[in-house]
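*Asks:* Provide a 3D model corresponding to the input given below.
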Amino acid sequence: MLYWLSTYSEVFGPLRLFEYVTFRAGGAAFTAMLLGILLGPFTVRKLKEFRTMAPCRFQGLMDEQFIDRNKDKTPSMGGLLIVFSIAVASLLWNIPASPIALILLSSMLLFAALGFVDDFAKVAYGKRDGIPGKAKLIIQFIIALAALVYLDHIPETGHLMRLLMVPLFKYPVYSGIWVIGFGAIVIVGASNAVNLTDGKDGLATGCSIFCALAYAVFAYICGHKIFSGYLSVPFIPGVSEAVVFASALVGACIGFLWHNCHPASMFMGDTGSLALGGTIGMIAVMVRQELLLAVVGGVFVMEAGSVIIQVASFKLTGKRVFLCTPIHHHFEQKGWTETQIVTRFWILGGVFALMALATLKLR
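*Replies:* Next up is the predicted model:
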């Protein structure tokens, strides 16, 4: 919306700033952060009121795997604040007619709506598992596939969506419609991986910041013809709007972290985690760096991988590999404090993001 101010730059020169993606990205990040910080107390208060008025008076969203039962008293569904902050910042700072911004915003809202229904079922009606797992997974795939089919039919990305790019390789290694299906798997996997990571104060929020920053850099390079050519990544016209959206995501997470740091005033719940993971996965696929998400989101891979290994091991051998999963609970059982777990995982998240960015010079 604010991009329109650049049309009056001939009248007032400084308005030309609104043409630059870097300026709008900074504006989006600041706007989302400010909204998150300022609206946090109001959000916490309303979520607590909702818990009190809920017909079931469900005592929280924590199940037996969580060690700290005091977290049952902390309201969830705080992801509403994250999603609202991102949406407002995007509407203000993205180019309104951009199909890239439109699909990112729409996908995020749909993933958030799915998470909200899941959280609502838990809090209001006492359904421990919310939406059945299979139904949730099917809906996630529908959202992801619909978004990717849309990207496959627009000029900006249509020529690239069926190309599989591999880190360290300059050219695609495979071309075919199955790449779209693989992209959907990546998006759904990222969405659920962030959801699994959301078990400690600020853990998923902080790691999401590193992922979004890394993909904001990739989106900026892919949207710049000279930089993309020099670094041998696909040039994608208009994908610079993903930089603005990713920056809004970073700002919203920082604002939310103000209230989500230990001891957390609220949790994001599925409302936030499914939306954040789905959006990060969508940007990764959009810039054709979906395989690199395994490095960028290394912490999320660790969390999801630990659950998969634990379940597979128990079913095949009857033995557990970890003391408890996701893996942050394993380290908690080993004696790490919550602050140690979160801080160390943040460090890993930053290292993984830098490692992924380093691949740009290794092609």
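*Asks:* mind listing what residue 19 touches?
*Replies:* Neighbouring residues of residue 19 by C-beta atoms under 8 Å, 6 or more residues apart in numbering: 3, 6, 9. All C-beta spots, glycine's among them, are computed from the backbone N, C-alpha and C.
*Asks:* Can you give me the distance of the closest residue in space to residue 235 that isn't next to it in sequence to residue 361?
*Replies:* Using C-beta to C-beta, 6 or more residues apart in numbering and skipping the chain neighbours, the partner closest in space to residue 235 is residue 228 (4.2 Å). Residue 228 sits 14 Å away from residue 361 when distances are taken as C-beta to C-beta, to the nearest Å.
*Asks:* do residue 94 as well
*Replies:* 30 Å.
*Asks:* likewise residue 188?
*Replies:* For residue 188, the distance to residue 361 equals 31 Å [C-beta to C-beta].
*Asks:* Which one's more surrounded, the two?
*Replies:* Set residue 188 next to residue 361 and count neighbours by other C-beta atoms under 10 Å: residue 188 wins out with 25 against 8.
*Asks:* Which strands and helices lie in contact with the helix or strand containing residue 244?
*Replies:* Element membership of residue 244 [criterion: DSSP states H and E] is helix 240-260. Counting by 3 or more C-beta pairs under 8 Å, 6 or more residues apart in numbering; DSSP states H and E, the packing neighbours recorded for helix 240-260 are helix 21-53, helix 79-93, helix 99-125, helix 203-222, helix 269-286.
*Asks:* Deepest in the core, which of these is it.
*Replies:* Greatest average neighbour count among the helices and strands packed on helix 240-260 goes to helix 269-286 (a mean of 30), per mean count of other C-beta atoms under 10 Å.
*Asks:* can you state the direction angle for that one and helix 203-222?
*Replies:* 20 degrees (axes from the mean of the first three to the mean of the last three C-alpha atoms, to 10 degrees).
*Asks:* Please work out the average pLDDT along helix 269-286.
*Replies:* Average pLDDT, helix 269-286: 96.
*Asks:* Give me the residues contacting stretch 152-166.
*Replies:* Applying C-beta under 8 Å, 6+ apart, the set of residues contacting stretch 152-166 from outside is 99-100, 148, 151, 172-177, 179-180, 182-183, 233-234, 236-239, 285-286, 288-291.
*Asks:* Repeat that for stretch 32-47.
*Replies:* Under C-beta under 8 Å, 6+ apart, the answer for stretch 32-47 is 75-78, 80-82, 84-86, 88-89, 247-256, 258-259, 265-266.
*Asks:* and residue 164, what are its phi and psi?
*Replies:* Main-chain dihedrals, residue 164, degrees, to the nearest 10: phi -100, psi 110.
*Asks:* Show me what it is bridged to.
*Replies:* residue 174 (DSSP bridges).
*Asks:* Can you check what pLDDT the model gives it?
*Replies:* pLDDT recorded at residue 164 is 93.
*Asks:* so how many other residues sit close to it?
*Replies:* 17.
*Asks:* Any figure for the gap between the closest residue to residue 81 other than its chain neighbours and residue 321?
*Replies:* Nearest non-adjacent residue to residue 81, counting by C-beta to C-beta, 6+ apart: residue 43, 4.6 Å away. Distance, residue 43 to residue 321, by C-beta to C-beta: 38 Å.
*Asks:* Look up how far residue 18 lies from residue 7.
*Replies:* As judged by C-beta to C-beta, residue 7 and residue 18 stand 9 Å apart.
*Asks:* who's more crowded, those two?
*Replies:* residue 18 (20 against 11).
*Asks:* got a pLDDT number for the closest residue to the more buried one other than its chain neighbours?
*Replies:* Nearest residue to residue 18 in three dimensions, chain neighbours excluded: residue 6, at 4.1 Å (C-beta to C-beta, 6+ apart). On the pLDDT scale, residue 6 is placed at 77.
*Asks:* And residue 6, how close does it get to residue 32?
*Replies:* 21 Å.
*Asks:* before we move on, what about residue 333?
*Replies:* From residue 333 to residue 32 the distance is 36 Å (C-beta to C-beta).
*Asks:* Then residue 217?
*Replies:* Distance, residue 217 to residue 32, using C-beta to C-beta: 18 Å.
*Asks:* Just list the residues touching residue 270, thanks.
*Replies:* 79, 114, 115, 116, 118, 119, 130, 195.
*Asks:* Surely the first one and residue 275 touch.
*Replies:* The one in question is residue 79. Yes. Using C-beta atoms under 8 Å, residue 79 is in contact with residue 275, at 6.2 Å.
*Asks:* any common contacting residues for those two?
*Replies:* Common neighbours of residue 79 and residue 275 (C-beta under 8 Å, 6+ apart) are 112, 115.
*Asks:* Can you say which helix or strand has the residue nearest to residue 327 when sequence neighbours are not counted in it?
*Replies:* Counting by C-beta to C-beta, 6+ apart, the nearest residue to residue 327 once its immediate chain neighbours are dropped is residue 306, at 3.7 Å. Residue 306 is part of helix 298-317, with elements assigned from DSSP H and E.
*Asks:* Can you tell me what sits against the helix or strand that that helix is followed by?
*Replies:* With elements assigned by DSSP H and E, the helix or strand that comes after helix 298-317 is helix 327-333. Helix 327-333 is contacted from outside by 65-67, 197, 199-200, 203, 302-303, 305-306, 322-324, 338, 340-341, 345, using C-beta under 8 Å, 6+ apart.
*Asks:* Dump the C-alpha coordinates for helix 327-333 into PDB.
*Replies:* The C-alpha trace of helix 327-333 is given here as PDB (Å, rounded to 0.1, in the frame of the first residue of the first chain):
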ATOM      1  CA  ILE A 327      15.000 -33.800  21.100                       C
ATOM      2  CA  HIS A 328      14.900 -30.700  23.200                       C
ATOM      3  CA  HIS A 329      13.100 -32.800  25.900                       C
ATOM      4  CA  HIS A 330      16.000 -35.300  25.600                       C
ATOM      5  CA  PHE A 331      18.400 -32.700  26.700                       C
ATOM      6  CA  GLU A 332      16.100 -31.500  29.400                       C
ATOM      7  CA  GLN A 333      16.100 -35.000  30.800                       C
END
